[in-house]
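[1] predicted model and sequence below, questions to follow.
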Amino acid sequence: MIILKAVLGSDSQRIKIRRTNRIVQNLKRDYLLYALLLLPMAYIAIFKYAPIYGVLMAFQDYNIFQGISGSEWVGLDVFQFIFQQDSFYRALKNTLILNLLDLAAGFPAPIILAILLNELRFTRFKKLTQTVLYLPHFLSWVIIGGMVYLMFSSGGMANTILSGIGLGKMEFLSDKTNWLIMYVAVGIWQSAGWGTILYLAAMIGINKDLYEAADIDGSSRLRKIWHITLPGIKPTIIILLILQIGRMVSIGFDRPFVMGNSLVSDYSDVISTYVYRIGIGSGDFSQATAVGLFQSVVGLIFLLSANYIAKKIGEQGIW
Amino acid sequence: MSLLSRSKTNLVDMLIVLFITVVSLTCLVPFLYMIALSFSSNNAIISQKVSLWPVEFTLETYKTILSDNDMIYTLGYTIVLTILFTACCMFLTICAAYPLTKKRLMGRNFMLTAMVFTMYFSGGLIPSYILVKNLDMMNTMSSLILPGALSVFNMIILKTFFSSLPESLEEAAAIDGCNEWGILVKVVLPLSMPSIATLSLFYAVDRWNGFQDALFYITDKNLYPMQLKLYQIITANQQLDSQQGEGSMGAFIVPESLKAASVMFATVPILLVYPKLQKYFVDGVMTGAIKG
């Protein structure tokens, strides 16, 4: 027995030594590669993981002078507090509404546009319009917001035309419902053209023989679109749909912030602008962090679920 | 019969052309209106005479902007900022992407997972803000460069491209006595110039259009990048209205023509590089999509 143990012991020791030797050898062989990784990994640690550590603020009565180590722990009190705030629910509700509207109106737009572009027979015209349609994607939301303000404010071009043809003025940006429509429309304007790229690429991959066979069968254009083009881009549609549903609770900052104004804040105040206002505006760092953490966690759950469901129904997920 | 069906398709074709033309025009009309406003006199604008062409043509607005040292300074500053940011980003992206293509590298999966995780979960706005504050980076140029200096998404695109290069080239260089850094600089990078150009443009456009971080971190007017400056100009009257009541501070009110000219001033640099930009971006989106 003792002998056996000794043999086993020395064996595992030998394996250990061999393993350490291998690690040392690997490090020696690849030290130049590790040296390259030093700065990027330091960047990830400092600018990505330090803020993740920083979410601990959400469980504290955070004091900026004492930092996380010096501030008092309060458990879930901060969450309890924000879950009682009407303004929090307003921001959450608006985030969901704006994202749902974007999904309902903004998601099909590039698909329809891509199908129409694909049906175009004049190559030059197609190239030219694509160049024009991609342009809004490269503009910042500040520029877009400025243009929207100048065009649709009470003295802007839209109202000049409306009163010119005898219709009265319209409050495009200060009436809440109109603002919602403007928000979604401008979103489509900015992203639909650019959004066609992936669909058009998927359409190029569709086998041309299918269309020829359909021609021989005398299929109409609509039938070809329905039975060949759409099934051909289905995987692309599903992946992009998953991604968009996964982002249901997260919302960018620039677009609602730049387009919103105090008259429509009942609709335009979303989670990101709410976090900005209570955090950086009023200095309630704990509350703002808690709202942000809530958004990150729920967002991750959404994304994982959407991916899971996609795999369940037999589609390729995003992982 | 065949004639009938042909004329029918032609009608559909024309309808599609018409629709696409209208949609394309909506992308151009805002620019025409901005140009029209910026060349019109303020009287014409206030009395709502301006639509798609200038009324009472004047160059005054552009004279004001171009003689305003602030605007020129902001333009130069933003260009410098964009170049520094892009250089910094590309350096980090290359440094991360190249080693991570080597499957033999110990800890490779751990590092990749650690990076990809940050694409799906982040600490949020406020912890990042506190971090920048704690690092004493408020009101410095570095607050607009360092926090966004590596996009994991772009890094993965570059890594995918590096992996697609034939291994035999690297092996040949290794036999010639090149070490890993030599291989990267002399073999891999020269072969990857199109990808590097694409990613550089990704980063540059992000920085040029970036607004949120500047709003959070910068209060010193000398450090305003273009977008924040533009935002201030566009919202100038709105702020004045709420603070001091309409019309009382006539001298401070920014006329619409100046706002439109400022919008054009911030847009023209993008328009100048747009033809190149578009080509590289389309290529880049494809590469990213194939990976996904």
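    It's in.

[2] all contacts plus neighbour counts: C-alpha atoms, from now on.
    OK.

[3] ok and the residue in the stretch 1-150 of chain A nearest chain B?
    Residue of the stretch 1-150 of chain A nearest chain B, by CA to the nearest CA: residue A:52 (4.0 Å).

[4] any buried residues in the helix or strand hosting that residue, and which?
    Using DSSP states H and E, residue A:52 sits in helix A:50-54. The neighbour-count check on helix A:50-54 (16 or more other CA atoms under 10 Å in any protein chain shown) flags A:50-52, A:54 as buried.

[5] which stretches of chain B have low pLDDT?
    In the predicted model of chain B, residues B:1-9, B:237-252, B:287-292 satisfy pLDDT under 70.

[6] centre-most residue in it?
    Among the residues of chain B, the one closest to the centroid is residue B:205, at 2.2 Å (CA atoms, centre = their mean).

[7] helices or strands up against the helix or strand hosting residue A:234?
    Following DSSP H and E, one finds residue A:234 within helix A:230-246. Under the contact criterion of 3 or more CA pairs under 8 Å, 6 or more residues apart in numbering or on different chains; DSSP states H and E, helix A:230-246 touches helix A:176-204, helix A:285-312.

[8] can we see that at 10 Å?
    Packing partners of helix A:230-246 (3 or more CA pairs under 10 Å, 6 or more residues apart in numbering or on different chains; DSSP states H and E): helix A:86-101, helix A:108-119, helix A:176-204, helix A:285-312.

[9] could you export these as a markdown table, including mean pLDDT and mean neighbour count?
    A markdown table is the format used below for the helices and strands packed on helix A:230-246 (pLDDT from 0 to 100; neighbours: other CA atoms under 10 Å in any protein chain shown):
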| stretch | mean pLDDT | mean neighbour count |
| --- | --- | --- |
| helix A:86-101 | 95 | 18 |
| helix A:108-119 | 95 | 19 |
| helix A:176-204 | 93 | 19 |
| helix A:285-312 | 90 | 20 |
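
[10] what would these look like in TSV with distance to chain B?
    Formatted as TSV, those follow (distance: least, CA to the nearest CA, whole Å):
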stretch	distance to chain B
helix A:86-101	16
helix A:108-119	6
helix A:176-204	7
helix A:285-312	5
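
[11] turn those into CSV, columns for distance to residue A:239.
    Shown next, in CSV, are these (distance: least, CA to CA, whole Å):
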stretch, distance to residue A:239
helix A:86-101, 17
helix A:108-119, 13
helix A:176-204, 11
helix A:285-312, 8
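
[12] pLDDT weak spots in the stretch 201-319 of chain A?
    By pLDDT under 70, the weakly predicted segments of the stretch 201-319 of chain A are A:314-319.

[13] from residue B:49, how far off is residue B:36?
    Using CA to CA, to the nearest Å, residue B:36 is found at 11 Å from residue B:49.

[14] and for these two, which residues touch both?
    Residues touching both residue B:36 and residue B:49 by CA atoms under 10 Å, 6 or more residues apart in numbering or on different chains: residue B:55.

[15] how does chain A divide into domains?
    Following automatic domain parsing, one finds the domains of chain A at A:2-61, A:78-312.

[16] average pLDDT for stretch A:141-161?
    For stretch A:141-161, mean pLDDT is 91.

[17] just checking the distance from that stretch to the centre of its chain.
    Centroid separation for stretch A:141-161 versus its chain: 26 Å, with CA atoms, centre = their mean, to the nearest Å.
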